[in-house]
Every structure is written in structure tokens, then in C-alpha cells.
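Q: Pasting the sequence and the predicted coordinates here, then a few questions.
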Amino acid sequence: MSSYRTIEGAAQAEVVEKRSRFIAHLAHVGDEEAALRFLQEVRTEHAQARHNVYAYVLRGGRVRYSDDGEPPQTSGMPTYEALAHAGLVDVICVTTRYFGGTLLGTGGLVRAYTQACQKAVAAARVVVVSECRDVSLGVPYDLYQAVLRAAEGPGVTVASTDFAECVRLAFRALDEEAEGLRARLVEATRGKCPIEVGPVYEGAV
């Protein structure tokens with residue numbers, strides 16, 4: 001599989017422009033049905049809002065956006081462009097606007113919707129989904145910090161930690177990083193701790 005960038009869970013951010021509130025709701029969605037369901041949830045929660053602008057991008061190239069009553073090209077498209085610039089797929093951003101009484105003009109709307117989406121992306125946990133392997137081992141407590149330092153690097157996260165008679169650690173690594181991680185762990189433990197490298201699966205790092 002080819003890797004792709006998305007987010008875990010959901011995130012929210014707000015921009016205020018001349019008393020108008022722009023609340024960006026960003027969520028991971030696996031398909032169009034999930035995207036539309038999230039859109040409806042936001043619309044229901046913010047039924048009194050003047051606009052609920054949205055854009056979503058799915059793997060396979062499916063893209064959809066709406067200005068939801070705002071002037072054309074001032075909100076849905078800028079929201080989509082912010083998602084595309086971040087390189088994200090399988091995501092939806094719904095930005096709720098509560099009108100503050102002052103017209104913002106075309107430029108002001110583009111800026112506000114763009115910034116709201118960008119802030120939501122910045123607040124989210126962005127992950128790379130690709131072919132991964134679990135690399136696990138048990139280490140004595142005096143080697144725990146050294147093993148954590150050895151595992152630091154792009155494409156590696158701590159999947160689980162179990163403190164018992166020894167510390168049992170499982171790391172999730174991108175497939176192409178797994179062998180390098182294993183080698184660093186061998187060096188950190190001086191080859192004294194058996195290291196298991198699991199099979200390839202689709203995961204997020």
C-alpha cells in the first residue's frame with residue numbers, strides 16, 4: 001500500500017473576526033457515509049448558526065465542499081485548499097459561523113475560513129498510515145530509558161508499555177524503519193534482550 005496522511009479522532013479550533021465566530025470541527029472519516037454523518041451531527045449541534053461550511057477529502061480522490069450560503073468560493077473551497085495543503089485525506093472539516101453583525105467581504109471570509117481550518121489541523125494529531133510492524137522486547141528497568149532513547153525517531157511510536165518484573169515494550173514502526181529500529185535496540189540492550197519483529201499490517205504512526 002502507499003502511505004497517506006490523516007488525523008486520529010477529531011479536533012476543534014475557533015477564529016473570531018469582527019465578532020463573527022468561526023468554529024472549525026475536523027474529524028477523521030473512513031468513507032463518504034461517515035463524512036456526511038459527521039456533517040449532520042455538526043449541523044444538528046449548531047442548528048442556530050448562520051452557516052455550516054464543509055469540505056472533505058477521501059482516499060481515491062473523492063472531494064466535496066460547500067459554501068452553505070456564503071458567497072461563492074469564499075469558504076468551502078478555501079477549507080478544501082487548507083486540507084489539501086496539509087496533505088490530509090480521509091478527513092472532513094465543518095466550519096460553523098455565527099454572524100457577528102459586520103460583513104467581512106470576500107477577502108475577510110476567505111481568510112477566516114482558511115485560518116479556522118488551519119488551526120484545527122494544527123490542533124489535531126496528524127498520523128501517517130502505512131505498512132507497519134510491531135517491534136517488541138522485554139528489558140530490565142535500568143535499560144528502560146536507554147531503550148526509549150534508542151527508539152526515538154521518525155516513523156516509530158510506543159504502542160504499549162507493561163511494567164512488571166521487567167518492562168515489556170512494543171513499538172509500532174513503519175515497515176521501512178523496523179529493521180533500523182531493531183538494530184538500535186540490539187545496540188542499546190547490548191544484545192542481551194530478545195527482540196521480536198511482527199508481521200506487516202496497516203497502521204498509523
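A: Great, that's in hand.

Q: Helix, strand or coil: sort out the nearest residue to Tyr80 once chain neighbours are set aside for me.
A: In this structure, Tyr80 finds its nearest non-sequential neighbour in Ala55, 3.8 Å apart by C-beta to C-beta, 6 or more residues apart in numbering. (Glycine included, C-beta is placed from N, CA and C.) With DSSP: H, G, I helix; E, B strand; the rest coil as the basis, Ala55 sits in strand.

Q: go on, Gly101?
A: Under three-state DSSP, Gly101 comes out as coil.

Q: Least confident secondary structure element in the protein?
A: Least confident helix or strand, the chain: strand 201-204 with a mean of 86, by mean pLDDT, DSSP states H and E.

Q: who does it pair up with?
A: Sheet pairing of strand 201-204 (DSSP bridges) gives strand 125-139 (antiparallel).

Q: what mean pLDDT would you report for the strand it pairs with?
A: Throughout strand 125-139, pLDDT has a mean value of 93.

Q: Toward the C-terminus from it, list the very next helix or strand.
A: Using DSSP states H and E, the helix or strand that directly follows strand 125-139 along the chain is helix 144-151.

Q: Tell me which residues are up against that next one.
A: Leu137, Val139, Val158, Val167, Leu169, Phe171, Leu181, Arg184, Leu185, Glu187, Ala188, Thr189 (C-beta atoms under 8 Å, 6 or more residues apart in numbering).

Q: can you tell me which of these are in strands?
A: The strands, defined by DSSP state E, take in Leu137, Val139, Val158, Val167, Leu169, Phe171 from the contacts of helix 144-151.

Q: I'd like those as TSV, with neighbour count appended.
A: Output for the ones in strands among the contacts of helix 144-151, formatted as TSV (neighbours: other C-beta atoms under 10 Å):
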residue	neighbour count
Leu137	22
Val139	21
Val158	12
Val167	19
Leu169	22
Phe171	27
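
Q: Looking at the residues you listed, which is nearest Gly100?
A: Nearest to Gly100, judged by C-beta to C-beta, of the ones in strands among the contacts of helix 144-151 is Val158 at 44.1 Å.

Q: So for stretch 62-69, what gets flagged as buried?
A: Of the residues in stretch 62-69, Arg64, Tyr65, Ser66, Asp67, Asp68 count as buried by neighbour count, 16 or more other C-beta atoms under 10 Å.
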